[in-house]
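Engineer: Sequence isn't available, so here's the structure alone:
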Ligand SMILES: C[S@@+](CC[C@H](N)C(=O)[O-])C[C@H]1O[C@@H](n2cnc3c(N)ncnc32)[C@H](O)[C@@H]1O
């Protein structure tokens, strides 16, 4: 059955549950500066959805410019209402939504490209992933970084539902299908609203679950000079503390989320 949520609720619930644009922008800025010794100014946000990250990016500095790329007019329209509308006139001039395919975008070269919330998992063959990573590399300036996020761990391949209670909202992340031979998988997001009504399959994703080592190999094949894997620090209760640092070894957690940075 089709969800009864309005578009405003659909994107409000999504962003409250799975996105923290401010911390992602801070992470990319700080890591770029650590790597190249200067601040980055231009960003391309692939699979941008509402462009929350891009709109946050242009607020950092008057030299910051961003391009949000998404195929689908619906999240772009909602992003213009939710985020772009809150920017100043000068910030709006530096924020560009582009309704385009990431494989064919004509956006100019930038310092940073990001692909977050695992959106690049839609590319299921190695050939497609090499092609995507090559186009990203060509679109980066000489001092460029491509940031990807990734989730994995044995628990993430099980048909289970993670539940997160937020203020007046419950978020469900369900693994509905996982093929161990191909890593083809289906994940769905459900929500329960403040009135206790559950909305099933508000977002569904048909992906290949890629692993960290194979992605780093493909990034090298696509011409990136170096990749950095990150790992999240621990909080006092055995969870993540939200701080990601470069790492080459880590505890074999049941389920984890992390980042990769690929340097031009
Ligand atoms: C999982 S959402 C991610 C939204 C946002 N990046 C985030 O972090 O929440 C995936 C988005 O990718 C878009 N998309 C899928 N394939 C695409 C492609 N080839 N080019 C551009 N956008 C694409 C979809 O329209 C959707 O808005």
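Structural biologist: In hand now; what should we look at? Model, not experiment: these values are computed from the prediction. Residues are numbered from 1 along each chain as shown.
Engineer: Just confirm residue 81 is within a helix.
Structural biologist: Yes: with the criterion set as DSSP: H, G, I helix; E, B strand; the rest coil, the secondary structure at residue 81 is a helix.
Engineer: Run through this structure and note the low-pLDDT ranges.
Structural biologist: Screening the chain residue by residue with the criterion pLDDT under 70, one finds the ranges 1-3.
Engineer: where does the residue of the stretch 151-264 of the chain found nearest the ligand fall, phi/psi-wise?
Structural biologist: Nearest to the ligand, among the residues of the stretch 151-264 of the chain, is residue 205, at 6.3 Å (Cβ to the nearest ligand atom). Heads up, the C-betas are built off the backbone N, CA and C, glycines and all. Backbone dihedrals for residue 205, given as degrees, to the nearest 10, come out at phi -130, psi 130.
Engineer: how many neighbours does it have?
Structural biologist: Here the count is done by other Cβ atoms under 10 Å, and residue 205 has 15 residues near it.
Engineer: What of residue 28?
Structural biologist: Using other Cβ under 10 Å, the number of residues around residue 28 comes to 24.
Engineer: sorry, back to before: how close does the residue of the stretch 151-264 of the chain closest to the ligand get to residue 155?
Structural biologist: Using Cβ to Cβ, to the nearest Å, we find residue 205 at a distance of 17 Å from residue 155.
Engineer: Residue 242 too?
Structural biologist: Using Cβ to Cβ, one gets 20 Å for the distance from residue 242 to residue 155.
Engineer: and if you look at residue 174?
Structural biologist: Counting by Cβ to Cβ, the separation of residue 174 from residue 155 is 13 Å.
Engineer: for residue 42, same thing?
Structural biologist: Residue 42 sits 37 Å away from residue 155 when distances are taken as Cβ to Cβ.
Engineer: More neighbours: those two, which one.
Structural biologist: Looking at residue 42 and residue 155 with other Cβ under 10 Å, you find the greater number of neighbours at residue 42, namely 21 against 13.
Engineer: For the nearest residue to that one once chain neighbours are set aside, name its beta-bridge partners.
Structural biologist: Among residues not flanking residue 42 along the chain, residue 110 sits closest, at 3.9 Å (Cβ to Cβ, 6 or more residues apart in numbering). The residues paired with residue 110 through beta bridges, assigned by DSSP bridges, are residue 140.
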